[in-house]
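> here's my sequence, what's the structure:
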Amino acid sequence: MINSVRNTVLSILNKNNYGYISPSDFNLFAKQAQMDIFEDYFYQYNYQIQKENARQSGTGYADIKKGYEEVIEMFSETKYLTSNSNNIFFLPAPLYTGDDYYLINKVLGFETEVTTGAATLVSAGQLVDAVASFLSEVQIGDVVVNSRPTPPISATVTSIVDNTTLNLSAGIFDDVLDLGAEYSIFKPKQNELEKVTLSKITMLNNSMLTAPSKMFPAYTQEIDKLTAYPSAINSGVLCQYFRYPKDPKWTFVQLTDGEPSFDSSQPDFQDFELPNDDEPSLIMKILQYAGMSIREIQAVQFGQAQDQEDSQEER
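Numbering: from 1, shown residues only. Model prediction:
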């Protein structure tokens, strides 16, 4: 879609002799335009809820809210959080989960930890711990979390071979780097951690009646860290969040005597992550940024007018 958007933008600018935007400028404008539309999904979703509460929205094919839900959920990720120390975990970030989060929807923690240990042998599709007692502790269906990768990964127990070996649903201890990797095994039941403020958590912990437990856990959030309560929750924390869309990048082959030619085979190529029906909105927003860049108010006004018209039609 990104090449179609760029060609349309250039066609509109060139038709009226407004000017030309370079690939690097286009990529900057495309990133900002995509971010504008992405953030607007949440405002439009809220608007549709208000219409639904006022009994002004439709059902079936006219259920606009459902469409926004589907688009927003395209950016949903569910990953284990990497432990910082004890019950403190790093929030989703490129270094720990591969992407930045826009909104944390829920945080889950296992209620019962069965056992912990370290892998003493790398074996495909298995967990081998020479000092374990799996026969007396583990059951089929329990969840095994390998905490060494970033982010941590998990698999379920499919069968118990013997006291030291488990067969798993996925090969999470297949790499040579997994030798000596620490693991935790949990019962599959998870509870959602309630988010509380930093001022409230002190009051909760000071009371035996309201102190968080593994059955009713909680968490606080600071800049790049999440603290789980009770402190016994020190692994196996699963976070479901909505990530930011990846930065679009129009890649090309530089010609000696001519225009750059689109090349999607470049390793850093990234298309828009928005649905195809957002292409007109992307074009209009990029036109506004391009118009400001080349100091052509008509290009800005044209983009704004089309953008407002589309918004009115959607309402």
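
> alpha carbons only for contacts and neighbour counts from here, please
OK.

> what's the helix or strand where Glu279 lies packed up against?
Per DSSP states H and E: Glu279 is located in helix 279-293. On a contact count with 3 or more CA pairs under 8 Å, 6 or more residues apart in numbering; DSSP states H and E, helix 279-293 meets helix 2-15, helix 23-53, helix 297-314.

> which residues touch the spatially most central residue of the chain?
In the chain, the centroid-proximal residue (CA atoms, centre = their mean) is Arg243; its distance is 3.1 Å. Contacts for Arg243 (CA atoms under 8 Å, 6 or more residues apart in numbering) come out as 75-77, 99-103.

> how about 7 Å then?
Shown in contact with Arg243 (CA atoms under 7 Å, 6 or more residues apart in numbering): 75-77, 99-102.

> by neighbour count, which of these wins?
Taking other CA atoms under 10 Å as the neighbour criterion, Tyr101 ranks highest of those with 20 neighbours.

> nearest residue to that residue other than its sequence neighbours?
Arg243 (4.2 Å; CA to CA, 6 or more residues apart in numbering).

> looking at the helices and strands packed on helix 279-293, which has the lowest confidence?
Among the helices and strands packed on helix 279-293, helix 297-314 carries the lowest mean pLDDT, a mean of 55.

> these two touch, right, Glu192 and Val107?
Yes: counting by CA atoms under 7 Å, Glu192 does reach Val107; the two are 5.7 Å apart.

> A strand includes Val144, no?
Yes: counting by DSSP: H, G, I helix; E, B strand; the rest coil, Val144 falls inside a strand.

> secondary structure class for Pro94?
coil.

> pull the number of nearby residues for it.
Using other CA under 10 Å, Pro94 is surrounded by 10 other residues.

> do you know how far it is from Leu226?
Here the distance between Pro94 and Leu226 works out to 16 Å (CA to CA, to the nearest Å).

> repeat for Glu279
From Glu279 to Leu226 the distance is 37 Å (CA to CA).

> so which of these two has more stuff around it?
Neighbour totals were compared for Glu279 and Leu226, and Leu226 leads with 21 against 17 (other CA under 10 Å).

> and that one, that's in a helix?
No: counting by three-state DSSP, Leu226 is not part of a helix but strand.

> just the CA atoms of stretch 193-206, as PDB, please.
Extracted C-alpha coordinates of stretch 193-206, given in PDB (Å, rounded to 0.1, in the frame of the first residue of the first chain):
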ATOM      1  CA  LEU A 193      -3.500  -8.400  38.300                       C
ATOM      2  CA  GLU A 194      -5.400  -5.200  39.300                       C
ATOM      3  CA  LYS A 195      -3.600  -2.000  38.500                       C
ATOM      4  CA  VAL A 196      -3.400   0.300  41.600                       C
ATOM      5  CA  THR A 197      -1.700   3.600  42.200                       C
ATOM      6  CA  LEU A 198       1.600   4.000  44.000                       C
ATOM      7  CA  SER A 199      -0.100   5.800  46.800                       C
ATOM      8  CA  LYS A 200      -2.800   3.100  47.200                       C
ATOM      9  CA  ILE A 201      -0.500   0.100  47.200                       C
ATOM     10  CA  THR A 202       1.000   1.100  50.500                       C
ATOM     11  CA  MET A 203      -2.400   1.300  52.200                       C
ATOM     12  CA  LEU A 204      -3.400  -2.100  50.700                       C
ATOM     13  CA  ASN A 205      -0.200  -3.800  51.900                       C
ATOM     14  CA  ASN A 206      -0.600  -2.500  55.400                       C
END
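
> what lies in contact with that stretch?
Taking CA under 7 Å, 6+ apart as the rule, stretch 193-206 contacts 107-109, 210-212, 217-220.

> can you check stretch 105-116 too?
137-138, 183-193, 214-215, 236-241.

> residue contacts, the nearest residue to Tyr229 once chain neighbours are set aside?
Taking CA to CA, 6+ apart, and ignoring the residues beside it in sequence, Tyr229 has Ala218 as its nearest neighbour in space, at 5.2 Å. Applying CA under 7 Å, 6+ apart to Ala218 gives the contacts 193-196, 212, 228-229.

> tell me the most packed of those residues, by neighbour count.
Ranked by the number of neighbours (other CA under 10 Å), the contacts of Ala218 place Ala228 first, at 27 neighbours.

> correct me, but that residue touches Asn87?
Yes: the pair Ala228 / Asn87 is scored as a contact, 5.4 Å apart, by CA under 7 Å.

> could I have the buried ones of the contacts of stretch 105-116 as ChimeraX selection syntax?
This is how ChimeraX selects the buried members of the contacts of stretch 105-116, with burial counted by 16 or more other CA atoms under 10 Å:
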select :138,183,184,185,186,187,190,192,193,214,215,236,237,238,239,240,241
